[in-house]
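>>> next input, structure requested:
(2 chains)
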There are 2 protein chains.
Amino acid sequence: MTTDPDAITAAILVIGDEILSGRTKDKNIGTIADYLTAVGIDLREVRIVPDVAEAIVEAVNALRARHTYLFTTGGIGPTHDDITADCVARAFGVGIDVDPRAKAMLLERHKPEDLNPARLRMARIPDGADLIANPISKAPGFRIGNVFVMAGVPAIMQAMLDAIGPTLPSGAKVLSETVVAGNVAEGTYAADLGAIAGRFPDLSIGSYPSMTQSGFENRIVVRGKDADLLARARAEVEALVARLRR
Amino acid sequence: MTTDPDAITAAILVIGDEILSGRTKDKNIGTIADYLTAVGIDLREVRIVPDVAEAIVEAVNALRARHTYLFTTGGIGPTHDDITADCVARAFGVGIDVDPRAKAMLLERHKPEDLNPARLRMARIPDGADLIANPISKAPGFRIGNVFVMAGVPAIMQAMLDAIGPTLPSGAKVLSETVVAGNVAEGTYAADLGAIAGRFPDLSIGSYPSMTQSGFENRIVVRGKDADLLARARAEVEALVARLRR
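Residues are numbered from 1 along each chain as shown, chains lettered A, B, ... in the order given. Now for the predicted structure:
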């Protein structure tokens, strides 16, 4: 990861006891990570916190101060454990109340007589926030300042991310090249790879082992925004691997 | 999530650019979460940070101070981007050098003439740490203070977790009961469920929607350490759902 001061950066905050208990396996982090990488925004940090107000408020304030954008998932449903909107309002020091625009969205799905206080909780939006449409179940997410508040259900999160997308500036896209080292051991190329990484300080060069039935399978990934630099580094890495494969 | 001050708590720190870029989808968080839940340790926080020393040191120090245990994954291989051990030493303010015990483990896999400086990096262990055996590729993890440093490759992480397990005290196990609400909408039971949660402040009661082809499928999960309380709360939740299903 480069530390380009002009980079557009982001953090993700996943909110929910069910992730921390292991009951639900998060899928949103990977989806958002792929999305941000594709549009050239550097994801720099992820946190997962429980449904505890102090933990949420602290994380929102820490992450929104450090990064261009913060994306949160989870905790915006109608039940007592859905406290994200209130916590975001508290983090920003603004009021929160039923938003007429959000209520109108809920009325697209629910009859007026079914819009009970619990469902109306889903229309509670911090003062000054813009809504993020939810084409699936209508209850909106919202954006306040540099914070995007989205649902935790993956299909709804994805729909909200699609809605947000066009409003985000694109960073210079991070290009990526992968050189398959296969069963050439990391330990045999580590020193030379480190030397290459040292010669290309504006690129990020990583070595990623994975296990297969027949042993380690290694891949070297070169990432960066400058296509020429990238091509030069890739050629050096390929030459290194070819030399060791002989 | 309850806030029992006697609870044994834990955090996870996932280290690696490849997770933040979306290239690799993390599987370790869910594995460790399941493991901790099974032995009665409350996982309270997870962070994912890049291969950047300042970010790693800061997260290690924040999380080890707040929780009974911190588990880290990733960044202990032989390449230049594997900087976890050095960062943990820096976080603890201790020295780090090649550890003869760790070197002996590496020699079980590598011939002496193959133990080059890059591979020897995997034997660099902070002063005062205990080793965690790695039956798969030998390069050990380690424990220093309340911090367990493990590999990022899931199979190796799992083996290290198995090695650590018997050394951890078990907390009072968190019991969990799930009531299937099916397509009964969250908004119809939210108020009553909140009232039940209010009557059982020592339990954690959550409502978890998921999407299926035919719409929402909701589950209510009651969690806690007291079996009698849990049975009473479960009965109330079941009665609530049964009433709404009629």
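>>> anything in the longest helix along chain A near chain B?
Secondary structure of chain A per DSSP state H: the longest helix is helix A:227-245. No. Using Cβ under 8 Å from any Cβ of the partner chain, helix A:227-245 stays clear of chain B, coming no nearer than 11.8 Å. All C-beta atoms are positioned from the backbone trio N, CA, C, and that covers glycine.
>>> got a list of contacts for that helix?
With Cβ atoms under 8 Å, 6 or more residues apart in numbering or on different chains as the test, helix A:227-245 has contacts from A:175, A:177, A:179-182, A:184, A:188-189, A:192-193, A:196, A:199-200, A:202-203, A:205, A:220, A:222-224.
>>> measure the most centrally placed residue in chain A to residue A:14 for me?
Centroid check for chain A by Cα atoms, centre = their mean gives residue A:32 as the closest residue, at 3.9 Å. Separation of residue A:32 from residue A:14 (Cβ to Cβ, to the nearest Å): 9 Å.
>>> tell me how chain A divides into domains.
Residue ranges for the domains of chain A, per automatic domain parsing: A:9-167, A:175-245.
>>> go through those domains and pick out the most buried.
Ranked by mean neighbour count under mean count of other Cβ atoms under 10 Å in any protein chain shown, the domains of chain A are led by domain A:9-167, which reaches a mean of 20.
>>> average pLDDT for that one?
The average pLDDT within domain A:9-167 is 96.
>>> quote the end-to-end distance of it.
Terminal residues of domain A:9-167 lie 15 Å apart, using Cα to Cα, to the nearest Å.
>>> quick revisit: show me the contacts for the residue nearest to the centre of chain A.
A:12, A:43, A:71, A:73, A:157, A:161.
>>> so which of those residues comes closest to chain B?
residue A:43 (4.6 Å; Cβ to the nearest Cβ).
>>> show me what whichever strand or helix holds the closest one is packed against.
Using DSSP states H and E, residue A:43 maps to strand A:42-49. On a contact count with 3 or more Cβ pairs under 8 Å, 6 or more residues apart in numbering or on different chains; DSSP states H and E, strand A:42-49 meets strand A:9-15, helix A:28-39, helix A:53-66, helix B:17-20, strand B:42-49.
>>> got the angle between it and strand A:9-15?
Between strand A:42-49 and strand A:9-15, the angle comes out at 20 degrees (axes from the mean of the first three to the mean of the last three Cα atoms, to 10 degrees).
>>> want to throw the contacts of residue A:32 into TSV with distance to residue B:36?
Converted to TSV, the contacts of residue A:32 look like this (distance: Cβ to Cβ, whole Å):
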residue	distance to residue B:36
A:12	22
A:43	25
A:71	26
A:73	22
A:157	25
A:161	30
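>>> now for residue A:32 and residue A:14: what residues contact both?
What both residue A:32 and residue A:14 touch, as defined by Cβ under 8 Å, 6+ apart, is the set residue A:73.
>>> quick one on the thing from earlier: need the domains of chain A in TSV with distance to residue B:79, can you?
Formatted as TSV, these follow (distance: least, Cβ to Cβ, whole Å):
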stretch	distance to residue B:79
domain A:9-167	21
domain A:175-245	4
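>>> can you check my assumption that residue A:197 lies in a helix?
Yes. When DSSP: H, G, I helix; E, B strand; the rest coil is applied, residue A:197 is found to be in a helix.
>>> give me the nearest residue to it, chain neighbours excluded.
residue A:205 (4.3 Å; Cβ to Cβ, 6 or more residues apart in numbering or on different chains).
>>> what's the average pLDDT for the host helix or strand of that neighbour?
Taking DSSP H and E as the definition, residue A:205 sits inside strand A:204-212. For strand A:204-212, mean pLDDT is 90.
>>> what is whichever helix or strand comes after that strand packed up against?
Downstream of strand A:204-212, the first helix or strand assigned by DSSP H and E is strand A:215-224. Under the contact definition 3+ Cβ pairs under 8 Å, 6+ apart, strand A:215-224 sits against strand A:175-182, helix A:186-199, strand A:204-212, helix A:227-245.
>>> so what strands line up beside strand A:215-224?
Paired neighbours of strand A:215-224 in the sheet (DSSP bridges): strand A:175-182 (antiparallel), strand A:204-212 (antiparallel).
>>> I'd assumed residue A:81 was in contact with residue A:121.
No. Residue A:121 lies out of contact with residue A:81 (Cβ atoms under 8 Å); the separation is 11.2 Å.
>>> list of residues touching the strand holding residue A:205?
When contacts are defined by Cβ under 8 Å, 6+ apart, strand A:204-212 is touched by residues A:1-2, A:181, A:186, A:189-190, A:193, A:196-197, A:216-224, A:233, A:237, B:16-18, B:23-24, B:51, B:77, B:79-81, B:136, B:153-156.
>>> off-centre distance for the helix or strand where residue A:85 lies?
Assessed by DSSP H and E, residue A:85 sits inside helix A:84-92. Between the centre of helix A:84-92 and the centre of its chain there are 19 Å (Cα atoms, centre = their mean, to the nearest Å).
>>> thinking again about what came up before, relative to residue B:107, which of the helices and strands packed on strand A:42-49 is closest?
Comparison of the helices and strands packed on strand A:42-49 against residue B:107 by Cβ to Cβ identifies helix B:17-20 as nearest, at 28.9 Å.
>>> ok, residues contacting that closest one?
Residues from elsewhere that reach helix B:17-20 (Cβ under 8 Å, 6+ apart): A:1, A:29, A:33, A:42-46, A:204, A:206, A:208, A:221, A:223, B:24-26, B:48, B:50-51, B:74, B:81.
>>> ok, 6 Å please
Residues outside helix B:17-20 that contact it (Cβ atoms under 6 Å, 6 or more residues apart in numbering or on different chains): A:1, A:43, A:206, A:208, B:24, B:26, B:48, B:50, B:51.
>>> ok, the second one touching residue A:35?
Pointing back at residue A:43 there. No. Using Cβ atoms under 6 Å as the test, residue A:43 is too far from residue A:35 to be in contact (9.2 Å).
>>> how is the nearest residue in space to residue A:136 that is not next to it in sequence assigned, secondary-structure-wise?
Once flanking residues are discounted, residue A:136 sits nearest to residue A:156: 5.0 Å by Cβ to Cβ, 6+ apart. Using three-state DSSP as the criterion, the local structure at residue A:156 reads helix.
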